[in-house]
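A.B. asks: Fold the following.
(chains A and B)
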2 protein chains.
Amino acid sequence: MTEFKDIHSRQLQLLSDDELNLRLNRVRAGLEAAGADSVLITDAANIYYLTGRVFAGYVYFNVADSKPYYIVRRPNDLISDRSSRLGRFAEIADILCHNQNCTAPARLGLEFDIISYNLSTRLMNTIAGIEFADASGAMRRARSVKTRLEQHMMKESGLRHERVYSRIPHVYQVGMTDIELQVEIERQSRLEGNLGIFRISGSDMEIHMGNVITGENSDTPTPYDFAMGGAGLNPSLPVGADGSIIEPHHTVMVDVNGDFTGYMTDMTRCFALGTLDSKTLGAHQLSIDIVHALTDMARPGAAARELYEKAAMMAREAGYTDYFMGHRQHAGFVGHGLGIEINEGPVISPRSKDILEAGNAIALEPKFVIPGQGAAGIENTIIVKEEGAAECITNAPEQIIYFE
Amino acid sequence: MTEFKDIHSRQLQLLSDDELNLRLNRVRAGLEAAGADSVLITDAANIYYLTGRVFAGYVYFNVADSKPYYIVRRPNDLISDRSSRLGRFAEIADILCHNQNCTAPARLGLEFDIISYNLSTRLMNTIAGIEFADASGAMRRARSVKTRLEQHMMKESGLRHERVYSRIPHVYQVGMTDIELQVEIERQSRLEGNLGIFRISGSDMEIHMGNVITGENSDTPTPYDFAMGGAGLNPSLPVGADGSIIEPHHTVMVDVNGDFTGYMTDMTRCFALGTLDSKTLGAHQLSIDIVHALTDMARPGAAARELYEKAAMMAREAGYTDYFMGHRQHAGFVGHGLGIEINEGPVISPRSKDILEAGNAIALEPKFVIPGQGAAGIENTIIVKEEGAAECITNAPEQIIYFE
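C.D. replies: Down below sits the predicted model:
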């Protein structure tokens, strides 16, 4: 297994050739489906996927070649026999089109879902005389199936994520606010090696490490398509903890990210001070039951849409539809792919066309918001296996944990 | 002065009408210079600038109108008499073009530096029959001059930022690593109200809250155009602390962000355990001298380029050119505008065409990396005044602070 914490190596390609080939084969298939013969990558998450490190510059890959070619702006000390340093932007055309180390592009894929209009048109004007295609879907589909190494890195994050959550009851103190508890959880997580950064594809969502919400605040609608609400501390980041004191008979939902390896796990657990009413307890058990049912359904060939429908049906049959995935505002999904970023494929939603494949990593988060009580439910990260039920990689205890 | 911590208000427009007008006048001038009669904003930082809150959706403003019109996707409970809810994406054309509450666009500005190629082309195809222009520069220029309210919010961040830094010697413990110290600083900052998020325009830079670097690690080149180096903890985020133990006779440079209000301050201070050599001490004093000289030069009408040249000249005359803004890799600037995001205008660099204006908020960070010793120097956030020298709003002591 490739060592992944190799931060002092100056080798540009940190992935082994075998690992790189697994990923290139997936990219190659996606490009061919998109009608492109090549791709020019600049998004940090995609560069990390194709090299094992983040650098400033571009990764160029032509399906006719066995390896990518790297165009580097910074840092200035990376070692590779297949790279050029980019001085003036215009040099990029020559590097792609007149380079004996890689095949010139005829129909070049760009990350049109990610890179800006100005950068896209600048690239298309500079690399003139060829055609262009959208490579966003190809890269998204490639990354939605994790290799064994990627699964290993996610499992490592999951183990450390569990350790952090096991310490939550020990950092809670009577009279704490939601944000005070969140800060202590963040500290535990950072000391456990959390990189802090919460990578999200696109610009629709912003968050700092995750959320801790309690009581009424759980029901405050947010701008973001997260499953959790909360007013936040400031109108510039209106989500999550709002400084509410953690009161008896309300839940405290903890959904703090687990990026310990460059690959994230997502896990939610519920805590409480004092007893909870039966509606809240029922919602929590229902969430556990849904996660288990969906983990069992999550097999190669299953339709993502059917997993969503199963969750919605279980909520309906238990009389919890009004509280399912929010109350004053409902999120439109019950799970999402994740890995380098928190919002990868497949999406578990009513209109999803995704079909599950072995190697998908999916966060399942059927949550409920009970007015006056708070949010209930859990979230696990699972990996779809070749055979049998999916494997849960976030194995902290699922029942509500009561603060002493 | 408008109250800005009004997180539980459901009013869409949180800015007072007077404050909004100040900002709209700047946007209006920028749009006219760009040949646009209107703008459609969707970037979170720009939405925050034009409303005082972040929501998912769009702000439309036509220079012929006195107020913007809002198109809201989420949250679902905002109150405004000038808004539409966006259902299907295609409805946006009707909302802009057939709406008695706002003037239809003829040449519509979009944020082409920020929004993706796919979103841009989708908007242009949907809102057909009109012309489009790039509004990136207009928004950037508008935001580069801070109103009195914005300055007030930055000063409030500066005060809290100072409080956090004053506690750094108290959280240091002998034998700590760089990252352990950083985690304790992050905790102090979060308890002081730091929102955690570090907003950066564009996708070239990623970071979690800031950097703490010591010793040799200070000289490790990074992918990012930050003034500070460091290998980081993982190749997926190769910047900053790498787990080095804080050793005697090396500096510890702390550059952790100050986003307490939605408006950031940027401040760097140096700490040390035991004595430092004369070259390092000289570099630190030189940095202080440069910051003071540039603070005095930073007056309306001054060329940003001249400030950079002054800094480079002072470094050269003191014999520190090889260490100025890095050693193995040099950053290409000595200061940058900031506010909602860390990389706003003006830019203090050799090729900058920016001319300073009253109300610019600028982080000045002439830093030096001394091989074998670490990084030396300070960073202050200043505000350019109508008359006289600029005002420093990050007033923690500037001399090196020695851990006991």
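A.B. asks: Show residues contacting stretch A:154-170.
C.D. replies: Applying CB atoms under 8 Å, 6 or more residues apart in numbering or on different chains, the external contacts of stretch A:154-170 come out as A:146, A:181, A:185, A:188-189, A:192-194, A:254, A:256, A:258-261, A:263-265, A:267, A:269, A:271, A:339, A:361, A:381, A:383, A:393-396, A:401, A:403-404. Backbone N, C-alpha and C define where each C-beta goes, glycine included.
A.B. asks: Sort out which residues of that stretch are buried, please.
C.D. replies: A:154-162, A:164-165, A:167-168 (16 or more other CB atoms under 10 Å in any protein chain shown).
A.B. asks: Tell me which of those residues fall in strands.
C.D. replies: Using DSSP state E, no member of the buried residues of stretch A:154-170 falls in strands.
A.B. asks: Now, of the contacts of stretch A:154-170, which are buried?
C.D. replies: Of those, these count as buried by 16+ other CB under 10 Å: A:146, A:181, A:185, A:188-189, A:192-194, A:254, A:256, A:258-261, A:263-265, A:267, A:269, A:271, A:339, A:361, A:381, A:383, A:393-394, A:396, A:401, A:403.
A.B. asks: near chain B, which of those residues show up?
C.D. replies: A:193, A:261 (CB under 8 Å from any CB of the partner chain).
A.B. asks: Low-confidence bits of the stretch 151-300 of chain A, can you list those?
C.D. replies: Within the stretch 151-300 of chain A, no stretch has pLDDT under 70.
A.B. asks: Show me the strands in it, by range?
C.D. replies: Along the stretch 151-300 of chain A, the stretches classed as strands by DSSP state E, counting those that start in this stretch are A:210-214, A:251-256, A:258-259, A:264-265, A:269-273.
A.B. asks: Can I get those in TSV including distance to residue A:124?
C.D. replies: What follows is the strands of the stretch 151-300 of chain A, written out as TSV (distance: least, CB to CB, whole Å):
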stretch	distance to residue A:124
strand A:210-214	38
strand A:251-256	40
strand A:258-259	34
strand A:264-265	33
strand A:269-273	47
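A.B. asks: What confidence value was assigned to the residue nearest the centre of chain A?
C.D. replies: Centroid check for chain A by CA atoms, centre = their mean gives residue A:342 as the closest residue, at 1.7 Å. For residue A:342, the model assigns a pLDDT of 96.
A.B. asks: ok, it to residue A:258 distance?
C.D. replies: 10 Å (CB to CB, to the nearest Å).
A.B. asks: Find the residues that touch each one of the two.
C.D. replies: Common neighbours of residue A:342 and residue A:258 (CB under 8 Å, 6+ apart) are A:264, A:266.
A.B. asks: The stretch 1-150 of chain A against chain B: which residues are in contact?
C.D. replies: Residues of the stretch 1-150 of chain A lying near chain B (CB under 8 Å from any CB): A:4-8, A:14, A:43-44, A:48, A:52-56, A:73-77, A:110, A:112-118, A:120-121, A:134, A:136.
A.B. asks: Go again with 7 Å.
C.D. replies: By the rule CB under 7 Å from any CB of the partner chain, the part of the stretch 1-150 of chain A lying against chain B is A:5-8, A:14, A:43-44, A:48, A:52-56, A:74-77, A:112-118, A:120, A:134.
A.B. asks: Measure how buried the closest residue to residue A:355 other than its chain neighbours is and give me the count.
C.D. replies: Leaving aside its sequence neighbours, residue A:355 sits nearest to residue A:303 (CB to CB, 6 or more residues apart in numbering or on different chains; 5.9 Å). Neighbour count for residue A:303, taken as other CB atoms under 10 Å in any protein chain shown: 16.
A.B. asks: residues in contact with residue A:151?
C.D. replies: residue A:383 (CB atoms under 7 Å, 6 or more residues apart in numbering or on different chains).
A.B. asks: Same check on residue A:195?
C.D. replies: Counted by CB under 7 Å, 6+ apart, residue A:195 has contacts A:259, A:260, B:208, B:233, B:234, B:236, B:237.
A.B. asks: of those residues, buried ones?
C.D. replies: The neighbour-count test (16+ other CB under 10 Å) marks A:259, A:260, B:208, B:233, B:234, B:236, B:237 as buried among these.
A.B. asks: And these, which two are furthest apart?
C.D. replies: Spanning the widest gap among the buried ones among the contacts of residue A:195 are A:260 and B:208, at 12.8 Å by CB to CB.
A.B. asks: could you dump the buried residues of stretch A:154-170 to TSV with distance to residue B:62?
C.D. replies: What follows is the buried residues of stretch A:154-170, written out as TSV (distance: CB to CB, whole Å):
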residue	distance to residue B:62
A:154	48
A:155	53
A:156	53
A:157	48
A:158	51
A:159	55
A:160	52
A:161	49
A:162	53
A:164	50
A:165	51
A:167	54
A:168	51
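A.B. asks: which one among those residues gets closest to residue B:292?
C.D. replies: Taking CB to CB as the measure, residue A:164 is the one of the buried residues of stretch A:154-170 closest to residue B:292, at 44.0 Å.
A.B. asks: how close does the closest one sit to residue B:187?
C.D. replies: For residue A:164, the distance to residue B:187 - CB to CB - is 14 Å.
A.B. asks: same question, residue A:330
C.D. replies: 34 Å.
A.B. asks: now swap in residue A:231 and tell me
C.D. replies: Taken as CB to CB, the span from residue A:231 to residue B:187 is 22 Å.
A.B. asks: Out of these two, name the residue with the larger neighbour count.
C.D. replies: Between residue A:231 and residue B:187, residue A:231 has the larger neighbour count (other CB under 10 Å), namely 24 against 20.
A.B. asks: Now for the more buried one: which residues touch it?
C.D. replies: By CB under 7 Å, 6+ apart, the neighbours of residue A:231 are A:217, A:220, A:238, A:242, B:7, B:8.
A.B. asks: for residue A:33, same thing?
C.D. replies: Residue A:33 is in contact with residue A:138, counting by CB under 7 Å, 6+ apart.
A.B. asks: do the same with residue A:374
C.D. replies: A:214, A:215, A:218, A:250, A:251, A:253.
A.B. asks: Please verify my assumption that the fifth one contacts residue A:369.
C.D. replies: No: judged on CB atoms under 7 Å, residue A:251 makes no contact with residue A:369 at a distance of 9.7 Å.
A.B. asks: Going by neighbour count, list what's buried in stretch A:86-98.
C.D. replies: Here stretch A:86-98 shows A:86, A:92, A:93, A:95, A:96, A:97 as buried, counting by 16+ other CB under 10 Å.
A.B. asks: And those residues, which is closest to residue B:150?
C.D. replies: Nearest to residue B:150 out of the buried residues of stretch A:86-98 is residue A:86 (CB to CB; 36.0 Å).
A.B. asks: is it true that the closest one touches residue A:57?
C.D. replies: Yes: the pair residue A:86 / residue A:57 is scored as a contact, 6.0 Å apart, by CB under 7 Å.
A.B. asks: anything in contact with each of those two?
C.D. replies: With CB under 7 Å, 6+ apart as the test, residue A:86 and residue A:57 both reach A:71, A:72, A:73.
A.B. asks: who wins for neighbours among the residues you listed?
C.D. replies: Busiest of the shared contacts of residue A:86 and residue A:57 [other CB under 10 Å] is residue A:71, holding 23 neighbours.
A.B. asks: So what touches the host helix or strand of it?
C.D. replies: In the assignment (DSSP states H and E), residue A:71 maps to strand A:69-74. Residues outside strand A:69-74 that contact it (CB under 7 Å, 6+ apart) are A:12, A:55-60, A:78, A:80, A:82-86, A:92, A:95, A:99, A:101-102, B:221-223, B:329.
A.B. asks: just stretch A:202-212 next, same as before
C.D. replies: Counting by CB under 7 Å, 6+ apart, A:178, A:181-182, A:185-186, A:196, A:198, A:224-226, A:228, A:230, A:237, A:239-241, A:252, A:254-257, B:43-44, B:56, B:195-197 sit against stretch A:202-212.
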